[in-house]
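# With the input below, show me the fold.
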Amino acid sequence: MAEFTWDIQEELRRIEDRMNRMFGEGQGRRPGWQRNSEVPNVDVQEHGNDVIVTADMPGVDKSDIKINVRNGNILEISAQKRTEMEKREEGFIRHERGYTGYYRSITLPAPVDRSGASARYNNGVLEITLPMTKEATENIIPVS
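Take a look at the predicted model:
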């Protein structure tokens, strides 16, 4: 039977979307009012003996992406996206910079072998391939 996990970040994003619809965010975000962090959309699939995770992360430089596996089956993806906007009008120049962080933590369907993992980033899409392993790395704490 599949394990159920609750993604608090996804739930908060849904609540924010509902609030935006209720209060009408029709004009879009104003410069400088952008979110400081994003939760990338992901697809997780089993393919043979591998788990393949695909994450949408447009505008990110691949050198800014960090991938970590904790406890054998928790994948963490993080990155920082830098944006710049320059607007020239008569009499003044405006130049704005912004930073948006990406973060996503995913419970994988099985323990994975970090040493055999690979990742590639192309056209704003990150694809991570992680070989599954039967051995779960457990930290057992004896009760005294």
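# what pairs with the element among helices and strands of the chain having the smallest mean pLDDT, and is each one parallel or antiparallel?
Within the chain, no helix or strand scores below strand 37-38, which has a mean of 74 by mean pLDDT, DSSP states H and E. Strand 37-38 pairs in its sheet with strand 92-107 (parallel), by DSSP bridges.
# Within the sheet, what are the partner strands of the helix or strand that the strand it pairs with is followed by, with directions?
For strand 92-107, the succeeding helix or strand toward the C-terminus, using DSSP states H and E, is strand 118-122. Using DSSP bridges, strand 118-122 pairs in its sheet with strand 125-131 (antiparallel).
# Which residues belonging to the strand it pairs with are considered buried?
Of the residues in strand 125-131, 126, 128-131 count as buried by neighbour count, 16 or more other C-beta atoms under 10 Å. To be clear about C-beta, it is placed using only N, CA and C from the backbone, and glycine gets the same treatment.
# Next secondary structure after the least confident helix or strand of the chain?
Next along the chain after strand 37-38, taking DSSP H and E as the criterion, comes strand 42-47.
# what packs against that following strand?
Packing partners of strand 42-47 (3 or more C-beta pairs under 8 Å, 6 or more residues apart in numbering; DSSP states H and E): strand 50-56, strand 92-107.
# Could you export those strands as JSON lines, including mean neighbour count and mean pLDDT?
Converted to JSON lines, those look like this (neighbours: other C-beta atoms under 10 Å; pLDDT from 0 to 100):
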{"stretch": "strand 50-56", "mean neighbour count": "19", "mean pLDDT": "95"}
{"stretch": "strand 92-107", "mean neighbour count": "14", "mean pLDDT": "80"}
